[in-house]
Structures are given as C-alpha cells and as structure tokens.
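Q: When you get a sec, could you give me coordinates for this:
(one chain, ligands or ions: 1)
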Amino acid sequence: MIKVVKKMSFTAALIAVAFMAFQVIADLYLPNMTSKIIDNGVATGDIDYIWRIGGVMMVISVISIIAAFGNAFFATRESQRLGRKLRSDVYEKAENFSIDKFGRYGAASLITRTTNDVNQIQRVMQMFLRLMIQAPIMLLGASFLAYQQDAQLTRVFFVVIPLVIIAVGAIMYFAVPLFRSMQKKTDRINLVFREELTGVRVIRAFNKENYETERFDEANRDFTHTAIKVNTIVALMMPLMTLIMSGTNIGITWFGGQYIADMQLQVGNMIAFITYAMQILISFMMLSMIFVMVPRAQASADRINEVLEEADDIVDSPQPENISLSQADATLEFDHVNFRYADADNLALKDVNFKANAGQTVAIIGGTGSGKTTFVNLIPRLHEVTSGSIRLNGHDIQNVRQYDLRELVGFVPQKAVLFRGTIRENMRYGHQEVTEQQIWDALEIAQADGFVSQMPDGLDSHVEQGGGNFSGGQRQRLAIARALIKNADIYVFDDSFSALDFKTDANLRQALQKEMTTAIRVIVAQRVSTIMDADIILVLDAGKVVGKGTHKELLENNETYQEIAYSQLREEDLT
Ligand SMILES: Nc1ncnc2c1ncn2[C@@H]1O[C@H](COP(=O)(O)OP(=O)(O)OP(=O)(O)O)[C@@H](O)[C@H]1O
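A: Purely as a prediction, here's the structure:
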C-alpha cells in the first residue's frame, strides 16, 4: 500500500489533511460554545451574550464548511490523480509484457486490476484523506474536552469503549477475509465473461449456451453470495453502534441528571458532554472503517504491485547499436538459437541455424506445435532467445533498440487482427505518412484491391473490432497489405496465406516475388504448394530443424518433408 501511496502528490495530500484539521478543530469548539450559551446566556436571560456567542458559532460553522469543502476537493482530486497514474502505470507495464506473461496473467485479470482494483484504492485514499486526520484528532480532542466538562462522567467511557472495541473487532475479524476473496471472485466473473464473449461462435455452434450460462451464473452467484455475506456483517456495525450510542446517552443523562440535582454539574456542561461522547464514538466508527477499508485496498495494492514489479523481459541495451534501413543488403541469420518458454521443461526451439540474404524467401514448414510461430516471434523480439543469437543486417537484435528493430520488420501474425475504424486507418498503422497510391499498391500486391474497391466507401469502409465484418481471407489480405506498407527489410508471414484459396495464394506469392526484390520474406506455411518456390525451406520437427534446402533437395533427401509433401500433393504436382 505504501508503494502505491508514494505515487501521490505529498503537498496536495498535506493540504487536504490541513483543511480537515481546521474542520475538526472547529467542530470540537462548537459544543463548548453551546454549553456556554445555555449556562451563561439561556440560564441568566442574557440576550446580548446569546447573540455574541451565537455569532461566533456562526463564524466557526462557516470555517468548518469551507474546510470540509477544501478537504473534499483536494482528497477527491488527489485520489483521482492517483487512480489515473496507477491505471497508466499498469497499462504501460502490461504493454511491454512478453507474450507468455500476458498468457500467465490473462486479459481478464489485467483489466480487473486496472479498473476494479484501482477504483478500490482511489476510494480508500479519498476516505483516508478525510478520516485519517479527522478520527484521531476528534478522538483525542473530544476526550480532553469531555474531561474538562466533567471528570466524573468520563467513567462512562470505561464501559463503553471496550464494548465498541469488541464490536468493531468482531466485525473486522469476519469481514476482512471476505473482502479479500471478493477481489478474486470479481476476477473470475471477468474471466468467464470474457471467455464467453470471445468464444461466442464456438459456444453457439456446439449448443453450449446453457452450459456457459450455468458457468457464468455460478461465478456470479459465488460473488453475490460473498458480497451479501460481507455486507450483512458490515451492516451490523450501524445498529450496534446506534445501540452503544443510545446506551451511552442514557448512561450520561442518568448520572448527569443526578450530578445536576446535587448541583455538581450544569445543564450546558451535560449537553456538551453528550456531544463530545458522541464525537468519541463516531471517531471509533471512523477508525473501524479505516481498519476495514485498508486491508481491502491492501489486497488491491498487492495485485497492482505484482504487475508493476514484474521484471521487464525484453529490455533495450544501454548502448544500443544503430541499425538502418538497408533493403539492398539485408541479411537475417539465426546462430545456434535455443528458446524455452518460461515454466516449460523442454526447449521449444533447439539449435536453429540459417542465413538468408536480401531478396530471398525463407519458408518454415512442420507439424502443429513444431515451433513455427515461436520461431518467427523471435524475429521482432516478441520473445527473447534463451541462448544463441539472431542477427539482422549483421547486428545482434538484442543490441538494437526494439523500436528500431520493429521498424525494419513487417509482421503478419497467424491470427489477422484489424482495429476498429476504417480500412485507411488500419493501413496507416503500417506507416502514418502513407499516400493513397501507396495504400492501393499494397492492397494490389496483397490481392485485396478488388474487394476494397467494390465496397461503396472504398478505403473509408468501416472495420469492426477485430475486423469482424470481413471474411477470414479478406482479413488476412488486409493484414498483409498493412505490413507491406511498412517498406521493411524483412517480412514475416505466420501462416498468413492459410485462409486464401489456391489461386489467390499463388497470385499473392507471385506479386510478392515481383514487387519485393530486395526484402527477405519469412513464410510459415502448412501447404507445401505455398512454399515450393522458396529459396530456403526449413523443416521443423519438435523444435529442431530436421531439414534445410530447396523443395527439390528436400524432396530427394528429407524424410519428414517427403511425408508432408506426399500427404498433400499428387506426384506430378511435386515437380
Ligand atoms: N506461451 C507458451 N508457453 C509455453 N509453451 C508454449 C507457449 N506457446 C507455445 N508453446 C509450446 O511451444 C511449442 C511450439 O508452439 P508453436 O506455437 O510455435 O507451434 P507451431 O508450429 O506454430 O504450431 P501451429 O502450426 O499449430 O500453429 C508447442 O509445443 C507449444 O505447446
């Protein structure tokens, strides 16, 4: 919690606290004046005195109102600013997570951390900046002033205060663990809901709506059950405190009445004493609220700190090498590259070696799970190699700034992702300054110009979130065009032609060959027909390169390649 609070402006927090101090002092002063008005004004009929003291009380009340407003303003502003800071810190941290770390946290949990957990801390900080100072000053001040009004009556507190401590302690004992578990249950609801939203088509296709509804209901019920339980416990606080307050009132009036009858106490003093007694009990209530809220915020702070304290997996070298655009002599080299996923027992890639030169096409083929995606993800440093090195244009990519490296790589991931907006905006993702003509050129190479030009709004056609209003093949072609706009040294196509029909696939490869004479193309494919013309074909099996060469060479001497090729093509297609 302290680490989180440190992100707050100390000066602004101090101003909020100072305002609150003024308010408490003003509030403490008022009962004393009431006592004076009753005993010296009302009892003696001194109207002037009542007006004078009444006027002073009015001024004190106005000061109290201004101080309360000042405190509320600064407390709200600072806690909101803290919330904004935490949200952007978590976002920036998560943005730099490696792909497997993303998987480990899960999108739902990261979203809960930036919303629910941050809100929790914001709320507590806002309250804390009010109560942190109000409760202790009020408690001490009211105790002292009550003692001043009448020392004998303070004995009532020897009974009342232990009762309050027992009541508050019992409530906290049961409520605090439940507050903690509520956070986890919120995570669970978000996770189930998100999974159901993203998998809605599969759920419907498998007629699993009822099963999923039940799964969501279960998470929802579980959360509601805990929330009701914890709120019921906390709700006991009010009636219990009211009972104790009423009891205190009766006690003071009982004993006070006797002292008044014995002429040991004045009516005004007793009324002031009752007010101070109530302030003491309210202070205890405030303190108990702090004690309930702080552990709850602590749970949220722990979850936020967990993200913020994650080590950066992929960091820029302190003395980065400059790497410039040099398509004409671009080279890509894997030198004894090994890679293991965090927490995995085995290497996902084992001792991978190859070198490609400008203008060459490198194809990667292999069974599912053989390591193809892992292989290409290493090129723009979406993962860091475990050992060995990858060199781009002669520079070890670990010594190059990630930004510079990624400027040189045009990347089309396995799952084509488009962003909500227009086709033009999506194309500009590749390069902001791109001209209309360059966009059409890229669309033409990607075989997407046909369907885009037929759309009524052309480049300004609307794209839904994730590109949901386009077919799989159209999405892939738009994602390819977006990468081509980058004018990169290396283009990576991770199984990007899989949703295309054979004819479009062939046209696209031909256009790439013709237009990109200098860039290196790395193509992951399942279809042998897609990669037959590649200059270097790497055959992957369980993370190992088990074959390297051209289609012709591999067909002659590589068993794994032969198996893949013969399973897909007729004998006459293979030559
Ligand atoms: N985030 C991860 N954490 C741990 N292991 C992983 C992770 N991602 C992939 N793997 C493992 O690494 C191996 C290679 O996976 P990869 O996705 O690179 O295969 P692939 O050849 O691209 O498969 P496909 O053709 O099915 O897309 C697999 O055994 C997979 O289980």
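Q: Show me the shaky parts of this structure.
A: Scanning the chain for pLDDT under 70 picks out 325-328, 569-575.
Q: ranges for the strands of this structure?
A: 331-339, 349-357, 361-366, 387-392, 395-396, 409-412, 421-422, 462-463, 490-494, 520-524, 536-541, 544-549 (DSSP state E).
Q: The second one and the ligand, are they touching?
A: No - for a cut-off given as Cβ under 6 Å from any ligand atom, strand 349-357 has no contacts with the ligand; the smallest distance is 8.1 Å. Using the backbone N, CA and C atoms, a C-beta is placed for each residue, glycine as well.
Q: what comes into contact with that strand?
A: 329-339, 362, 371, 374-375, 378, 388, 520, 522, 535-536, 538, 543-545, 548 (Cβ atoms under 8 Å, 6 or more residues apart in numbering).
Q: Now narrow these to whatever sits close to the ligand.
A: 371, 374.
Q: Now do Phe284 against Ser143, distance only.
A: From Phe284 over to Ser143 the distance is 11 Å, taken as Cβ to Cβ, to the nearest Å.
Q: repeat for Lys208
A: Taken as Cβ to Cβ, the span from Lys208 to Ser143 is 63 Å.
Q: These two: who's more crowded?
A: Set side by side, Lys208 and Ser143 show more neighbours around Ser143, with 18 against 15, by other Cβ atoms under 10 Å.
Q: just to revisit the earlier point, let me have the strands of the chain in CSV, extended by distance to Gly450 and mean neighbour count.
A: Shown next, in CSV, are the strands of the chain (distance: least, Cβ to Cβ, whole Å; neighbours: other Cβ atoms under 10 Å):
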stretch, distance to Gly450, mean neighbour count
strand 331-339, 32, 19
strand 349-357, 31, 18
strand 361-366, 24, 24
strand 387-392, 34, 17
strand 395-396, 39, 18
strand 409-412, 19, 24
strand 421-422, 18, 16
strand 462-463, 17, 16
strand 490-494, 20, 24
strand 520-524, 22, 24
strand 536-541, 30, 22
strand 544-549, 36, 18
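Q: Throw those strands into JSON lines and include distance to Ala442, thanks.
A: Below are those laid out as JSON lines (distance: least, Cβ to Cβ, whole Å):
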{"stretch": "strand 331-339", "distance to Ala442": "22"}
{"stretch": "strand 349-357", "distance to Ala442": "22"}
{"stretch": "strand 361-366", "distance to Ala442": "18"}
{"stretch": "strand 387-392", "distance to Ala442": "22"}
{"stretch": "strand 395-396", "distance to Ala442": "27"}
{"stretch": "strand 409-412", "distance to Ala442": "10"}
{"stretch": "strand 421-422", "distance to Ala442": "15"}
{"stretch": "strand 462-463", "distance to Ala442": "16"}
{"stretch": "strand 490-494", "distance to Ala442": "12"}
{"stretch": "strand 520-524", "distance to Ala442": "15"}
{"stretch": "strand 536-541", "distance to Ala442": "25"}
{"stretch": "strand 544-549", "distance to Ala442": "31"}
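Q: Which one of these lies nearest to Val118?
A: Between Val118 and these, the shortest gap by Cβ to Cβ is with strand 421-422, which sits at 27.3 Å.
Q: Mind listing residues that contact that closest one?
A: Defining contact as Cβ under 8 Å, 6+ apart, one finds that strand 421-422 is touched by 457, 459-463.
Q: restrict these to those near the ligand?
A: Contacts with the ligand are made by none of the contacts of strand 421-422, judged by Cβ under 6 Å from any ligand atom.
Q: So which of the residues you listed is the closest to the ligand?
A: When the contacts of strand 421-422 are ranked by distance to the ligand (Cβ to the nearest ligand atom), Val463 comes first, at 25.0 Å.
Q: Bridged to the closest one, which residues?
A: Beta bridges link Val463 to Gly421, judged by DSSP bridges.
Q: how about it, what does it touch?
A: By Cβ under 8 Å, 6+ apart, the contact set of Val463 is 418-423, 425-426, 469-470.
Q: filter these to the buried ones?
A: 418, 422-423, 426, 470 (16 or more other Cβ atoms under 10 Å).
Q: How about the residues of the stretch 51-200 of the chain by the ligand?
A: Applying Cβ under 6 Å from any ligand atom, we find that the stretch 51-200 of the chain lies next to the ligand at 100, 103.
Q: got CSV for the buried ones among the contacts of Val463, with distance to Gln438 too?
A: Conversion of those to CSV gives the following (distance: Cβ to Cβ, whole Å):
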residue, distance to Gln438
Leu418, 18
Thr422, 16
Ile423, 14
Asn426, 14
Phe470, 21
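Q: And the furthest pair within those residues?
A: Of all pairs drawn from those, the greatest distance, 12.4 Å, lies between Thr422 and Phe470 (Cβ to Cβ).
Q: Put together JSON lines for the contacts of Val463, with distance to the ligand on each row.
A: Shown next, in JSON lines, are the contacts of Val463 (distance: Cβ to the nearest ligand atom, whole Å):
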{"residue": "Leu418", "distance to the ligand": "20"}
{"residue": "Phe419", "distance to the ligand": "23"}
{"residue": "Arg420", "distance to the ligand": "26"}
{"residue": "Gly421", "distance to the ligand": "28"}
{"residue": "Thr422", "distance to the ligand": "30"}
{"residue": "Ile423", "distance to the ligand": "27"}
{"residue": "Glu425", "distance to the ligand": "29"}
{"residue": "Asn426", "distance to the ligand": "24"}
{"residue": "Asn469", "distance to the ligand": "25"}
{"residue": "Phe470", "distance to the ligand": "22"}
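Q: burial measure for Gln126, as a count.
A: 20.
Q: Begin at 52, not 1, for the rest of this chat.
A: That works, and once the first residue is 52, the last one we named lands at Gln177.
Q: which one of the contacts of strand 472-473 is nearest Tyr617?
A: Nearest to Tyr617 out of those is Val514 (Cβ to Cβ; 40.8 Å).
Q: Touching, Val175 and Val345? I think so.
A: Yes - distance between Val175 and Val345: 6.7 Å, which falls inside the contact criterion (Cβ atoms under 8 Å).
Q: More neighbours: which of these two?
A: Val175 (26 against 16).
Q: For the closest residue to that one other than its chain neighbours, which residues are in contact?
A: Counting by Cβ to Cβ, 6 or more residues apart in numbering, Val175 lies nearest to Ala348, which is 3.8 Å off, once chain neighbours are set aside. Residues in contact with Ala348, defined by Cβ under 8 Å, 6+ apart, are 52, 171-172, 174-176.
Q: Alright, I will stop here.
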